[in-house]
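Peer 1: this is a predicted model, with the sequence first.
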Amino acid sequence: MGFPYLSLRFLPSKHSLIHIGARIIVKNVGNFRVKPPGLFRGRGEHPKMGKLKKRIRPSDITINIGKDAPIPECPIPGQRWKEIRHDNTVTWLAFWNDPINPKEFKYVFLEARSSLKGQSDKEIYEKARLLKDYIQGIRAAYTKDFASNDVTKRQIVVATYLIDKLALRAGNEKVWECGGDDLFDELDTSKLNARLKELMPGVTAKVFHAYNASINLDEMGILDGLKTDLALEKKGKPPLKGADGKPRKNLNPEA
């Protein structure tokens, strides 16, 4: 059994939480539950399978609220929160150290449809829109540096290539600590992001994801339209109207 769930409510200030009783009332908050203690399973043949997940107590949890918001009441008598912050530059509402991997953190965020989360996503897509003007130069730069004598630079450009072409997620070492050598032993996300920002202000791995996903989706939309037009043409019917509302150019099936 875990300790009583936190009763949280999102208030008008940017990051505001209040305690409102014994039951949970949640508005615009995503993953708000703290898992109870137990044996860790993990995915697949996880090297830490079977380790005991210790109980997370209020004294392990840092909370981020608005300056004028009342501090949430601690659900366990005699205990107190680890820390109360008023940081409106981040989107997390609370965090604690992962009991299995103490160097990692568990966060409480706003839910995906909240206005603040939507604003953050919008900013990523706006940067992705700008990336189209830089992408050819970025690709030329990292291709040129494949042959660099600087090991760190080579690792940075290979990582950039993998992020660009394979949409891999950029992150530091997480739960998989199975021994062996790191593939990118001279690299971490801070070095990678610093290099990316040299190529374009504000660009991150997430911006690459948004850019390439948008390009792929756009190409799929065009392909679907052409398939529809082809099917109509084979039936002797005119093609559909384009995005501008005008009839598309009548193409024969061979075209």
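Peer 2: Alright, I've got the coordinates. Numbering: from 1, shown residues only.
Peer 1: quick one: average pLDDT of stretch 211-220?
Peer 2: Across stretch 211-220, pLDDT averages out at 84.
Peer 1: same thing with stretch 101-109?
Peer 2: What stretch 101-109 shows for mean pLDDT is 86.
Peer 1: repeat that for stretch 151-161.
Peer 2: For stretch 151-161, mean pLDDT rounds to 90.
Peer 1: what comes into contact with that stretch?
Peer 2: Stretch 151-161 is contacted from outside by 138, 141-143, 145-146, 148, 170, 184-187, 191-192, 195-196, using Cβ atoms under 8 Å, 6 or more residues apart in numbering. For the C-beta atoms, the positions are set from N, CA and C on the backbone; glycine is no exception.
Peer 1: would you agree I63 is in contact with W81?
Peer 2: Yes. Counting by Cβ atoms under 8 Å, I63 touches W81, with 5.4 Å between them.
Peer 1: now for those two: what residues contact both?
Peer 2: I71, P72.
Peer 1: more crowded one of those two?
Peer 2: I63 (24 against 18; other Cβ atoms under 10 Å).
Peer 1: beta partners for that one?
Peer 2: I84, A94 (DSSP bridges).
Peer 1: which residues does it contact?
Peer 2: Counting by Cβ under 8 Å, 6+ apart, I63 has contacts L17, I71, P72, W81, E83, I84, R85, L93, A94.
Peer 1: how much space separates the fifth one from P58?
Peer 2: Separation of E83 from P58 (Cβ to Cβ, to the nearest Å): 11 Å.
Peer 1: more crowded one of these two?
Peer 2: More neighbours surround P58 than the other of E83 and P58, with 20 against 11 (other Cβ under 10 Å).
Peer 1: pLDDT at that one, what is it?
Peer 2: At P58, the pLDDT value in this model is 91.
Peer 1: what's the answer for P253, then?
Peer 2: 57.
Peer 1: cool, I61 as well?
Peer 2: I61 is given a pLDDT of 93.
Peer 1: next, give phi and psi for it.
Peer 2: Per-residue torsions, I61: phi -110, psi 130 (degrees, to the nearest 10).
Peer 1: quickly note the distance from M220 to P201.
Peer 2: 30 Å.
Peer 1: same thing with K67?
Peer 2: 31 Å.
Peer 1: ok, now V34?
Peer 2: Distance from V34 to P201, by Cβ to Cβ: 38 Å.
Peer 1: higher neighbour count, the two?
Peer 2: Neighbour count, other Cβ under 10 Å: between V34 and P201, V34 has more, with 19 against 10.
Peer 1: go ahead and confirm the more buried one touches K54.
Peer 2: No. If you go by Cβ under 8 Å, V34 and K54 don't touch, sitting 11.7 Å apart.
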